[in-house]
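1. From the sequence below, what's the structure:
(2 chains)
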2 protein chains.
Amino acid sequence: MSLRAQRGNRMLYRANMLPCDCHAALVMTWKIGNAYTECNHIKNIYLRTMNFSSKLLENAVAEFAKLPGVGQKTALRLVLHLLNQDKQDVERFSTAVTKLRNEIQFCRVCHNISDLPVCEICSSHRRDHGLICVVEDTRDVMAIENTNQFNGVYHVLGGLISPMDGVGPSDLQVDTLIERLKPTDDNEVKEVVFALSATMEGDTTLFYLHKKLKSFNITITTIARGIAFGGELEYVDEITLGRSIATRVPYENSLSK
Amino acid sequence: MSLRAQRGNRMLYRANMLPCDCHAALVMTWKIGNAYTECNHIKNIYLRTMNFSSKLLENAVAEFAKLPGVGQKTALRLVLHLLNQDKQDVERFSTAVTKLRNEIQFCRVCHNISDLPVCEICSSHRRDHGLICVVEDTRDVMAIENTNQFNGVYHVLGGLISPMDGVGPSDLQVDTLIERLKPTDDNEVKEVVFALSATMEGDTTLFYLHKKLKSFNITITTIARGIAFGGELEYVDEITLGRSIATRVPYENSLSK
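-> Alright, predicted model coming up:
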């Protein structure tokens, strides 16, 4: 291993990552629980040990194996399943994927995935446009919409600040958020709710945005954190339980309105 | 529920299956361990409760969710991953799938997946064409090729006899196998090895084929069954252990040649 690779690997080790088993210089694996994720290099090594009888099959399996959480064996299973389907079914599958990638639009206002220049939520008059919920991506919008508890509009950042992955504020929809908060004649934003994941990246983003938005005359809130409904105390992790005691609320407030 | 559906469900119950939670008539779920698989109908119900912001996204997720072992949430994760890739990467993905389905060929001789009319194994002169290994599908060919222990040729049935799934002998490559076994001037098959899964379907197919091939003057063998190498006795299931005692072999035979 070269000196540069060694130094790189030492850096990774400090950052709670480890060099991948494939021993390629500067290839990282992440420890998730007790398991290590495989780098694409290892995936390729596995791929090469599989004796495919057809180049077409090998290509299709390699493409599927690039998807997150899909290994060689799963990819082969999926590809053989598609091979058993009718030609028009497979055609529909690949058309749906290509069409999505080529024709997808992002809402001009909230940057959520949309079929129209302005999405249904942003163009709805029933929604409270003075209340903006800031989320990471479209999955969070779907999750919050499913609760039927939020009547405002959204702002999709498109990610979270994560220096480890090289994602900075300029990669996110931060400037457009600030633009939306500037008061105009026909609309004034009164409150911004941050609904970001309770991870290091989420908290970093929250802290950064809070500093940016402080100067506006807007209420800044974040979704409540504490023990989940139906959760038994003995199974709750210490940090959550400790924080939920420290930030206890009057009993009357905890009753649903 | 109609009388016909009730009767159908009663039949399924007897066959160790249960009607699906979606209560659709005659829809089956299989019990695997303690979990039940979901029928496509239930998958659709889940799909309808997800609020997609885009029809294109919904279509792509629905297509991915048709793959075996892929639910709605996984499908959404895979689709959003593809959405973050470059356009040409997504194009390559869908082209690989369509091309595989449209251009794939099956070897004229052994019916394995192949890029040529006759596959590499069948056209090789180094292979022993007097020894045919009968397998279920291309995955089994790959598994046996990886062992480097077999120098004969293959015959891919394309499935196993399974009355429950409506697969009979006529759906498999049985006639072509019998055709191959007929002695010709330039080639004579001496042995047929059955390498089929040790399941009910595998044993049924084995029994059927054995009856069909008895009249030929050919040695019919099946791969050895017993405890796996590296397996500890206390963890081996009773049937395997019992059979491996009943069919014990002389110690000299168990030594690798």
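2. what residues does the stretch 101-250 of chain A put near chain B?
-> Counting by C-beta under 8 Å from any C-beta of the partner chain, the stretch 101-250 of chain A comes close to chain B at A:101-105, A:112-115, A:119-121, A:137-139, A:141-142, A:145-146. (Glycine included, C-beta is placed from N, CA and C.)
3. Among those residues, which are located in helices?
-> In this view, those that belong to helices under DSSP state H are A:101-103, A:120-121, A:138-139, A:141-142, A:145-146.
4. What's the local residue count around the closest residue to residue A:160 other than its chain neighbours?
-> Leaving aside its chain neighbours, residue A:160 sits nearest to residue A:201 (4.0 Å; criterion: C-beta to C-beta, 6 or more residues apart in numbering or on different chains). The number of residues packed near residue A:201 is 18, by other C-beta atoms under 10 Å in any protein chain shown.
5. what's the answer for residue A:161, then?
-> So residue A:161, with other C-beta under 10 Å, has 23 neighbours.
6. Check residue A:165 too.
-> 11.
7. For the longest strand seen in chain A, which outside residues touch it?
-> The residue-count maximum for a strand in chain A (DSSP state E) belongs to strand A:128-135. Strand A:128-135 is contacted from outside by A:141, A:144, A:150-157, A:177, A:180-181, A:187-196, A:209, using C-beta atoms under 8 Å, 6 or more residues apart in numbering or on different chains.
8. which regions of the stretch 51-200 of chain A lie under the pLDDT threshold?
-> Residue ranges of the stretch 51-200 of chain A with pLDDT under 70: none are present.
9. Strands of that one, start to end?
-> If DSSP state E, counting those that start in this stretch is used as the criterion, the strands of the stretch 51-200 of chain A fall at A:105-106, A:113-114, A:128-135, A:152-156, A:191-194.
10. Quick check: buried residues in the third one?
-> So that's strand A:128-135. By neighbour count on 16 or more other C-beta atoms under 10 Å in any protein chain shown, the buried set for strand A:128-135 is A:129, A:131-135.
11. what would these look like in CSV with distance to residue B:221?
-> Output for the buried residues of strand A:128-135, formatted as CSV (distance: C-beta to C-beta, whole Å):
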residue, distance to residue B:221
A:129, 76
A:131, 74
A:132, 72
A:133, 67
A:134, 67
A:135, 62
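12. Would you mind listing the outside residues contacting stretch A:57-70?
-> Residues contacting stretch A:57-70 (C-beta under 8 Å, 6+ apart): A:40, A:43, A:47, A:50, A:52, A:71-72, A:74-76, A:78-79, A:82, B:74, B:77-78, B:81-82, B:92-93, B:96-97, B:99-100, B:104, B:113, B:138.
13. Going through the residues of the stretch 101-250 of chain A next to chain B, which ones are buried?
-> Buried among these by 16+ other C-beta under 10 Å: A:101, A:112-115, A:119, A:121, A:137-138, A:141-142, A:145.
14. ok, for the residue of the stretch 1-150 of chain A found nearest chain B, nearest residue in space, not its chain neighbours?
-> Relative to chain B, the nearest point of the stretch 1-150 of chain A is residue A:94 (3.6 Å; C-beta to the nearest C-beta). Sequence neighbours aside, residue B:94 is the residue nearest to residue A:94 in space, at 3.6 Å (criterion: C-beta to C-beta, 6+ apart).
15. is it true that the one you found touches residue A:92?
-> No: counting by C-beta atoms under 8 Å, residue A:92 is not a contact partner of residue B:94; they are 10.9 Å apart.
16. Which of those two has more residues huddled nearby?
-> It is residue B:94, of residue B:94 and residue A:92, that has more neighbours when counted by other C-beta under 10 Å, with 22 against 16.
17. what separates that one from residue A:114, distance-wise?
-> Going from residue B:94 to residue A:114 by C-beta to C-beta, to the nearest Å gives 22 Å.
18. One more: residue A:255?
-> 37 Å.
19. What ranges does the stretch 1-150 of chain A have for its helices?
-> A:3-14, A:40-49, A:55-65, A:72-83, A:87-103, A:120-123, A:138-147 (DSSP state H, counting those that start in this stretch).
20. and the second one, what's its mean pLDDT?
-> It refers to helix A:40-49. Summarised as a single mean, pLDDT over helix A:40-49 is 52.
21. Drop anything exposed from the contacts of stretch A:57-70.
-> Using 16+ other C-beta under 10 Å, the buried members of the contacts of stretch A:57-70 are A:43, A:47, A:50, A:52, A:72, A:74-76, A:78-79, A:82, B:74, B:77-78, B:82, B:92-93, B:96-97, B:100, B:113, B:138.
22. quick one: which of the helices of the stretch 1-150 of chain A is nearest residue B:168?
-> Closest of those to residue B:168 is helix A:72-83, at 21.0 Å (criterion: C-beta to C-beta).
23. Which other helices and strands does that closest one contact?
-> helix A:40-49, helix A:55-65, helix B:87-103, helix B:138-147 (3 or more C-beta pairs under 8 Å, 6 or more residues apart in numbering or on different chains; DSSP states H and E).
24. Can you spell out which helices and strands pack onto the last one?
-> Okay, so that is helix B:138-147. Contacts defined by 3+ C-beta pairs under 8 Å, 6+ apart place helix B:138-147 against helix A:72-83, strand B:128-135, strand B:152-156.
25. Could you point out which of those sits nearest residue B:242?
-> For residue B:242, the closest of those is strand B:128-135, at 26.5 Å, according to C-beta to C-beta.
26. now that closest one: how far from the chain's centre is it?
-> Put simply, strand B:128-135 sits 19 Å off its chain's centre (C-alpha atoms, centre = their mean, to the nearest Å).
27. and if you look at stretch A:78-95?
-> From the chain centre to the centre of stretch A:78-95 is a distance of 28 Å (C-alpha atoms, centre = their mean).
28. again with stretch A:55-70
-> For stretch A:55-70, the distance to the chain centre is 23 Å (C-alpha atoms, centre = their mean).
29. do the same with stretch A:119-132
-> Between the centre of stretch A:119-132 and the centre of its chain there are 23 Å (C-alpha atoms, centre = their mean).
30. what does stretch A:200-219 give?
-> Worked out by C-alpha atoms, centre = their mean, stretch A:200-219 lies 18 Å from the chain centre.
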